[in-house]
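[1] just the structure for this:
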Amino acid sequence: MLNYERLSDNISKQIENDRRNDNLSAFGFNEENALRRNNERDKASAIRTAFIRDTDKIIHCPYFNRYADKTQVFSFYKNDDISHRILHVQLVSRIARTIGKALCLNLDLIEAIALGHDIGHTPFGHEGEEFLDELLFSHTGRHFSHNIQSVRVLDKIFPYNITLQTLNGIAAHDGEMELSEYHPIPLESFAEFDKQIEACFADKRNVRKLVPATLEGCVMRISDIIAYLGKDRQDAERAHIVSNAEFEGGAIGSYNAEIINNLIVNIVENSYKKPYIKMDDKHFAALKKAKADNYELIYKNDSVKSAMRETVKPMMARVY
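    Numbering: from 1, shown residues only. Model (predicted):
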């Protein structure tokens, strides 16, 4: 039987009151402070806020269509039920908006970051990203990472004049590095942001030093992990790689629905009216264990990795 945790009555009542009164968190990002490279263009209106404009630009970007043909983990399976990135970014958006709604944050900013965060991702998942990084570095001495490429797509390849807050959230979304607490660090200018991005091209270790500048960016960052943790297990079972019965339950459960619900509930319970996003120690330990199990049973599985080594890596080298 699945185990679904519930919010405490006290927090539930406060959230219901917030919704009745349209309360906004003092820690959420104020639209009026949004920055663009050219603030004379793309001004917010009564209908289209700054971040709604960002979202519209992102979903109408030609590269957004490419999400549809990029799988998450399983690239060589003829199964329409295996997840592609077009679904993943929407799952991230839904999870992040659910958390953001409960915390009275800026949902338009959350959606823009979520829908754009993987727009620069390679085909063939993180293996493809690693192969391209090796190729780029061997030829140019510079590094490739998908989140920095996502910024490049929306800021350079297509100079959409996206807000600094959305671009920062995309750059700092690293879903491979989990934390028990996420504290935003304000970012004051594009000059500072550009230095951060250039540092990531020079040394890929700098990618992990990026921190969201907004609480909305922090929400999106943890939501990325929540979105793939259980979904990759569903996909692995459909691909006959592993059975869900092989995963331990723990505090967050083992099934996708449990993982999503229980982590959302715990995050809201521990983050409501706080200037940070937090899980308690028990749920954070369970998240780390679940992620480690995914690596051991799914991502490192030889049936997944062998095709990447034997086919994808030489193919990418030849194309490059």
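[2] looking at the protein, which helix or strand is least sure?
    Lowest by mean pLDDT, DSSP states H and E among the helices and strands of the chain is helix 302-307, with a mean of 78.
[3] so for that one, what gets flagged as buried?
    Buried residues in helix 302-307, defined by neighbour count with 16 or more other Cβ atoms under 10 Å: 304, 307. In this view, the C-beta of every residue, glycine as well, is placed from N, C-alpha and C.
[4] what's the first helix or strand after that helix?
    helix 313-319 (DSSP states H and E).
[5] just the pLDDT for the residue sitting nearest the centre point of the chain.
    Taking Cα atoms, centre = their mean, the centroid of the chain lies closest to Asp224, which sits 3.4 Å from it. Asp224 is assigned a predicted lDDT (pLDDT) of 96.
[6] relative to Ala50, how far out is it?
    Distance of Asp224 to Ala50, computed by Cβ to Cβ, to the nearest Å: 23 Å.
[7] the closest residue to Lys274 other than its chain neighbours - how many residues pack around it?
    Distances taken as Cβ to Cβ, 6 or more residues apart in numbering place Phe27 nearest to Lys274, at 7.4 Å, with adjacent residues excluded. Other residues near Phe27 come to 18 when the count uses other Cβ atoms under 10 Å.
[8] equivalent analysis for Ser138, please.
    Ser138 has 10 neighbouring residues, counting by other Cβ under 10 Å.
[9] neighbours around Ser45, how many?
    10.
[10] Lys300 now?
    Neighbourhood size, Lys300 [other Cβ under 10 Å]: 10.
[11] backbone dihedrals for it, please?
    Main-chain dihedrals, Lys300, degrees, to the nearest 10: phi -90, psi 0.
[12] likewise for Glu269?
    Dihedral angles (degrees, to the nearest 10) for Glu269: phi -60, psi -40.
[13] tally of neighbours for Asn38?
    8.
[14] where does it sit, in terms of helix or strand?
    Assessed by DSSP H and E, Asn38 sits outside every helix and strand.
[15] pull the contacting residues for the nearest residue to it once chain neighbours are set aside.
    Sequence neighbours aside, Asn161 is the residue nearest to Asn38 in space, at 5.5 Å (criterion: Cβ to Cβ, 6+ apart). In this structure, Asn161 makes contact with 36-38, 41-42, 57, judged by Cβ atoms under 8 Å, 6 or more residues apart in numbering.
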